[in-house]
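Trainee: need a structure here:
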Amino acid sequence: MAKRTIQNMTRKLLNKEVTVRSAITSDLGSMTSLLEELFTIEIDFTPDVRRQRLGLASLMSNPDATLLVALINKEIVGMCTLQPLVSTAEGGIVGIVEDLVVSEKWRGQGIGSVLIDAIEKVAIEQKMSRLQLLTDMGNEPADQFYRKHTWEQTHLIAMRKKFD
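Mentor: Next up, the predicted model:
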C-alpha cells in the first residue's frame, strides 16, 4: 500500500474555512501539542512530548499511515491518524484510527466531523473493510460524536501489556 497524500479539502464552518490536508514534518510541533491536550483527558495515557513527537515522526515515515491536519487561518486546530492492519476476521486490510483530536477552543464546531469524514474517505479509497478506534469509557461527548457518525460500539474490550 503506497502512501497517499490527500488533496486539500476545504469546508466552510461557522463562517470559517477549514482545510484538511496531509500532515508534513513542520506540523509536528502543533500535532504534539494536540496530543498533549488529548492525553490530559484520556485516563490511560500521560502526555510526554518526547514520546508523542517520536510516535508522530514514526507514523510520518510509515508509507502506509495517514496523518491529517485541520487548519483555520493556517493554524492547525485538529488532527487525525489512520494506520492499516491485516484482519483475519475480515480477510483483509482494516484501519485503526489512533488519534482524533481538536483543540479545546475549536471543539463543537464541526472540525472533528470534517476530519472523521476525510479519514473515512481515505479508508474507502484504500479498500479498508472497517475502521476501529478506542475511546475512554464514560467519555459521553466522544461516544455521542462517534454514534452521530454511525460508528457502533462492539462487545470487545481493549487489553494491553506494556513493556518498558
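Trainee: which strands and helices sit next to the longest strand anywhere in the chain?
Mentor: Assignment by DSSP state E gives strand 75-87 as the longest strand of the chain. Secondary-structure packing of strand 75-87 (3 or more CB pairs under 8 Å, 6 or more residues apart in numbering; DSSP states H and E): helix 28-41, strand 66-72, strand 92-102, helix 111-125. Glycine gets a C-beta too; all of them are placed from N, C-alpha and C.
Trainee: again, only this time at 10 Å
Mentor: Helices and strands touching strand 75-87, by 3 or more CB pairs under 10 Å, 6 or more residues apart in numbering; DSSP states H and E, are strand 16-22, helix 28-41, helix 49-61, strand 66-72, strand 92-102, helix 111-125, strand 131-132.
Trainee: Out of those, the one nearest Glu140 is which?
Mentor: Among those, the nearest to Glu140 by CB to CB is helix 28-41 (12.3 Å).
Trainee: buried stuff in that closest one?
Mentor: 28, 30-35, 38-39 (16 or more other CB atoms under 10 Å).
Trainee: can you count the residues close to Arg130?
Mentor: 13 (other CB atoms under 10 Å).
Trainee: Who are the contact partners of it?
Mentor: The contact partners of Arg130, taken as CB atoms under 10 Å, 6 or more residues apart in numbering, are 85, 87, 89-90, 92-95, 123.
Trainee: let's go with 7 Å and repeat that
Mentor: By CB atoms under 7 Å, 6 or more residues apart in numbering, the contact set of Arg130 is 90, 94.
Trainee: Quick check, pLDDT for it.
Mentor: The model reports Arg130 with a pLDDT of 97.
Trainee: Check Asp27 too.
Mentor: Asp27 is given a pLDDT of 97.
Trainee: For the spatially closest residue to it that is not a sequence neighbour, give the beta-bridge partners.
Mentor: Excluding its sequence neighbours, the residue lying closest to Asp27 (CB to CB, 6 or more residues apart in numbering) is Val69, at 5.4 Å. In this entry, Val69 is beta-bridged to Arg21, Met79, by DSSP bridges.
Trainee: Can you get me a residue count around Val69?
Mentor: Neighbours of Val69 (other CB under 10 Å): 20.
Trainee: Would you check that it makes contact with Ile76?
Mentor: Yes - taking CB atoms under 7 Å as the definition, Val69 is a contact partner of Ile76 at 4.9 Å.
Trainee: Now for the two: what residues contact both?
Mentor: Common contacts of Val69 and Ile76, defined by CB under 7 Å, 6+ apart, comprise 27, 31.
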